[in-house]
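>>> please find the sequence and the predicted model below.
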Amino acid sequence: MLEPKVLNVTPLEDYRLFVEWETGEKRIFDVKPYIMGSWFGQLHDVQNCTPSRLNS
């Protein structure tokens, strides 16, 4: 099954993202569990999180 395309991502406070899909589904994704370690540890700095964008 194909995955629906993400249309919009809006950064929220407290390391959360509001995500909207082409199907009309809307969800809030909590990034906090992923901001540990060497790969995603840079996300702990809010300045690195705020300019979220989609690559089409």
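It's in. Residues are numbered from 1 along each chain as shown.
>>> what about the helices in the protein?
Using DSSP state H, the helices assigned to the chain run over residues 37-40, 46-49.
>>> which one of these has the lowest average pLDDT?
Confidence, taken as mean pLDDT, is least for helix 46-49 of the helices of the chain (a mean of 62).
>>> list the contacts for L17?
Residues in contact with L17 (C-beta atoms under 8 Å, 6 or more residues apart in numbering) are 9-11, 28-29, 31, 52. No exception for glycine: its C-beta is placed from N, CA and C like everyone else's.
>>> take these and write them to a markdown table, including neighbour count, distance to E3 and pLDDT.
Below are the contacts of L17 laid out as a markdown table (neighbours: other C-beta atoms under 10 Å; distance: C-beta to C-beta, whole Å; pLDDT from 0 to 100):
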| residue | neighbour count | distance to E3 | pLDDT |
| --- | --- | --- | --- |
| V9 | 13 | 15 | 90 |
| T10 | 11 | 20 | 89 |
| P11 | 15 | 22 | 85 |
| I28 | 10 | 19 | 97 |
| F29 | 12 | 15 | 93 |
| V31 | 17 | 19 | 84 |
| S52 | 12 | 19 | 58 |
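>>> with those residues in mind, which one is nearest to E22?
Relative to E22, the closest of these is V9; by C-beta to C-beta it sits at 13.1 Å.
>>> for that closest one, give the beta-bridge partners.
Beta-bridge partners recorded for V9 (DSSP bridges): V19.
>>> how near is it to W21?
To W21, V9 is 10 Å away according to C-beta to C-beta, to the nearest Å.
>>> M36 too?
Distance from M36 to W21, counting by C-beta to C-beta: 27 Å.
>>> more neighbours: those two, which one.
W21 (14 against 11; other C-beta atoms under 10 Å).
>>> my guess is that one contacts V6. True?
Yes - using C-beta atoms under 8 Å as the test, W21 is close enough to V6 to be in contact (5.7 Å).
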